[in-house]
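# need coordinates for the below:
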Amino acid sequence: MPGRDLIHGDRRADKRYAYELPLRFTYRSGGSECAGSGMTQDLGRKGIRFLAYDPPPRETELELRIEWPFLLQNVCPLELLVSGRVLRSDNRGTVVRITRYEFRTSGPRSFDQVNTRAGNWSIVA
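Residues are numbered from 1 along each chain as shown. Prediction:
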């Protein structure tokens, strides 16, 4: 139609990356702590969309722990710890606006493995 502007594609200011990563989440509801798990659908600098069997309610402050696919120094597992607020939850997933995030080590935290490997190196002259 003439005179009608059509906008196609993703108009977000920040790029979203489609990654399916396992996650766990916790939030408070009615004075008790609730927990669940799910799978990320996409991640961006300011938001995350994930699917969960029992998603948290809208406007809930929550904490996500996302299993990161890379190891720190090829030894130590990492997780992405995210704090945020649920913007919406529907059949396409739960969308969380990120307020804070940080990477943390998870699982076995043995840096001795790195030191042991470094000690086993030898220089051949």
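
# which intervals of this structure have sub-threshold pLDDT?
1-13, 107-125 (pLDDT under 70).

# what secondary structure does Asn74 sit in?
coil (DSSP: H, G, I helix; E, B strand; the rest coil).

# partners of the residue minimising distance to the centre of the chain in the sheet?
Closest to where the C-alpha atoms of the chain average out (C-alpha atoms, centre = their mean) is Ile66, at 4.2 Å. Applying DSSP bridges to Ile66 yields these beta-bridge partners: Leu23, Leu80.

# Thr94 pairs with what?
Those that pair with Thr94 in a beta bridge, by DSSP bridges, are Phe50, Ser89.

# what is the neighbour count of it?
25 (other C-beta atoms under 10 Å). C-beta: built from backbone N, CA, C; applies to glycine.

# got the contact list for it?
Gly38, Arg49, Phe50, Leu51, Ala52, Pro55, Pro56, Val86, Arg88 (C-beta atoms under 8 Å, 6 or more residues apart in numbering).

# the second one contacts Met39, correct?
In other words, Arg49. No - contact criterion C-beta atoms under 8 Å: Arg49 and Met39 do not qualify, at 10.3 Å.

# what about these two, which has more around it?
Ranked by neighbour count (other C-beta under 10 Å), Arg49 and Met39 place Arg49 first, with 19 against 15.

# next, work out how far apart that one and Gly93 are.
Look at Arg49 and Gly93: by C-beta to C-beta, to the nearest Å, they are 5 Å apart.

# shared neighbours, these two?
Gln41.

# for the nearest residue to Glu102 once chain neighbours are set aside, give me its contacts.
Among residues not flanking Glu102 along the chain, Leu81 sits closest, at 5.4 Å (C-beta to C-beta, 6 or more residues apart in numbering). Residues in contact with Leu81, defined by C-beta under 8 Å, 6+ apart, are Glu63, Leu64, Arg65, Ile66, Tyr101, Glu102, Phe103, Arg104.
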